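K.L.:
What shape does this take:
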Amino acid sequence: MDFEHIIIHKDTGFHSAFPETIRLQNGDLVCVFRQAPFREPSTKHGTGNTKLAHHHTDEGSRIAMIRSTDDSQTWDSDKLLIIDTSDGIHDVNMGMISQASNGELIMNNHRWHVNLSDRESEKLSKTHKQIAQGQEKRPFGNIVFDSLYFTKSIDNGITWIEPYPISISGFSFRSHTGKTGLVELSDGTWLMPFHGMAMGDIQDRMFVARSQDRGKTWGQPSTVAYDPEQIIGFHEPPLLRLQSGRLLTVIRTNDADGYLYQAYSDDDGWTWQGLKRSPMWGHPCNLVEMPSGRILCTYGYRRKPFGIRAAFSEDDGLTWDMNHEVIIRDDGIHRDLGYPASVLLNDGRILSTYYFHGEDGVRYIGGSAWNEENAFN
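P.N.:
Have a look, this model is predicted:
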């Protein structure tokens, strides 16, 4: 099977990771991703190889965007745009991008307070508007959840308003961005997937929040996936609305042997059913409905051989064809990779974007162009 592997963005001073890639209504492709500065490796802390540590919580992190105006033939790194940057006291993480029917672009992410002493984190956890648990995340001290954040653009991402925190009704505990931005229903309702931990929980749940005023207010979220025995945690969910009207999610898990779980809704996300373990091993994932009617799930593969994989469903995500699992890449040198997002190119191929790194240790945003039908030949 033929793959065209490209480097979308590689920086000289920052690691790049966690991309989300979409096609805009004007035809441009945009990729939003998190960056964190190079750090020296440590024998105790950080996710990295022997050359450069890549910390997934970092006081110098930021959200960047890069654009292609020629269907991924070129990506202009000289015009890299910083959408959200840290002030040195926050970690800025997991930017997801979506475009509403009126053309408005929305980037949602989350922030953590970092470099807190035990006393500061305890005080902030008690007095902050969100109930949060201080966590030791060396070398950046204790961290406490701040909020989910939004920023918007009305000119296809050329300029953005100042990021601002959002509040979800009845939600007074920490939350974490999903693996999709927003899904807009036919009546204009916005749905936002995320995960979080309720008071007393020891494992995360998946939620969907709902806004009927274009993100100004968010009502009580619906629970999508939850383990009442508190054994399995659900993380970083994508959300896809199918042509049939069904909503589908395939969720990263912990303490579930590395397998993705899935669920669906046939009432616009008010209630969810069919929660079960999928046959796909990996995390996290991205969902796309193909013109063929198949559902494409692309996911990181964080065990040897490290890389990026994909599977298709021909029945709206009820079952997955693992006999034709696609190995997009299997040449990763470390488990710190993945977070793929796939889009369709104008020539009919799929572009799967992800973060990756080679022997130099620099995490970069890569992409692989490939053909759906080749997976079945």
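K.L.:
Pairing partners for whichever strand or helix holds residue 15, with directions?
P.N.:
Using DSSP states H and E, the element containing residue 15 is strand 14-23. Partners of strand 14-23 in the sheet, by DSSP bridges, are strand 29-37 (antiparallel).
K.L.:
which stretches of the chain form helices?
P.N.:
Using DSSP state H, the helices of the chain run over 118-127.
K.L.:
In it, where is pLDDT below threshold?
P.N.:
Within the chain, the stretches with pLDDT under 70 are 42-50, 125-139, 172.
K.L.:
Find the residue at the geometric middle of it.
P.N.:
residue 179 (3.1 Å; C-alpha atoms, centre = their mean).
K.L.:
Skipping adjacent residues, who's closest to it in space?
P.N.:
Using C-beta to C-beta, 6 or more residues apart in numbering and skipping residues adjacent in sequence, the residue nearest residue 179 is residue 238, 4.3 Å away. To be clear about C-beta, it is placed using only N, CA and C from the backbone, and glycine gets the same treatment.
K.L.:
Tell me who's in contact with the one you found.
P.N.:
Residue 238 makes contact with 178, 179, 180, 193, 249, 250, 284, 285, 286, 287 under the criterion C-beta atoms under 8 Å, 6 or more residues apart in numbering.
K.L.:
Contact partners for the fifth one?
P.N.:
Think residue 249. Listed by C-beta under 8 Å, 6+ apart, the contact set of residue 249 reads 193, 206, 224, 225, 237, 238, 239, 240, 262, 263, 264, 287.
K.L.:
thought the last one was touching residue 299?
P.N.:
No: with contacts defined as C-beta atoms under 8 Å, residue 287 does not count as touching residue 299, sitting 10.0 Å away.
K.L.:
any idea how far the residue nearest to residue 196 when sequence neighbours are not counted lies from residue 57?
P.N.:
In space, residue 196 comes closest to residue 175 once its chain neighbours are excluded; the distance is 3.7 Å by C-beta to C-beta, 6+ apart. Plainly put, residue 175 is 16 Å away from residue 57 if you go by C-beta to C-beta, to the nearest Å.
K.L.:
Pop out the phi and psi values for residue 361.
P.N.:
Phi and psi for residue 361, reported as degrees, to the nearest 10, are phi 80, psi 0.
K.L.:
In CSV, list the C-alpha atoms belonging to stretch 274-285.
P.N.:
Taking Å, rounded to 0.1, in the frame of the first residue of the first chain, the C-alpha atoms of stretch 274-285 are listed here in CSV:
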residue,chain,number,x,y,z
GLY,A,274,-24.2,0.7,22.9
LEU,A,275,-21.2,1.4,25.1
LYS,A,276,-18.8,-1.5,24.4
ARG,A,277,-15.2,-2.3,23.8
SER,A,278,-14.1,-2.0,20.2
PRO,A,279,-11.6,-4.3,18.5
MET,A,280,-9.2,-1.4,18.0
TRP,A,281,-6.2,-1.1,20.2
GLY,A,282,-4.7,2.4,20.4
HIS,A,283,-5.4,6.0,21.4
PRO,A,284,-6.7,8.6,20.9
CYS,A,285,-8.7,8.6,17.7
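K.L.:
from now on call the first residue 703
P.N.:
Understood, numbering begins at 703; the last thing we discussed is stretch 976-987.
K.L.:
and it, which residues are buried?
P.N.:
Residues 977, 980, 982, 983, 984, 985, 986, 987 are the ones in stretch 976-987 that count as buried (16 or more other C-beta atoms under 10 Å).
K.L.:
Dump these into TSV; add distance to residue 799 as well.
P.N.:
Below are these laid out as TSV (distance: C-beta to C-beta, whole Å):
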residue	distance to residue 799
977	27
980	26
982	24
983	27
984	23
985	20
986	16
987	17
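K.L.:
Just the ones in strands from the residues you listed, please.
P.N.:
977, 980, 982, 983, 987 (DSSP state E).
K.L.:
residues contacting the last one?
P.N.:
It refers to residue 987. Contacts of residue 987 by C-beta under 8 Å, 6+ apart are 881, 940, 952, 954, 962, 999, 1000, 1001, 1002, 1042.
K.L.:
10 Å - rerun?
P.N.:
881, 938-940, 951-954, 962, 964, 980, 998-1002, 1011-1013, 1040-1044 (C-beta atoms under 10 Å, 6 or more residues apart in numbering).
K.L.:
Are any of these buried, and if so which?
P.N.:
The neighbour-count test (16+ other C-beta under 10 Å) marks 881, 938-940, 951-954, 962, 964, 980, 998-1002, 1011-1013, 1040-1044 as buried among those.
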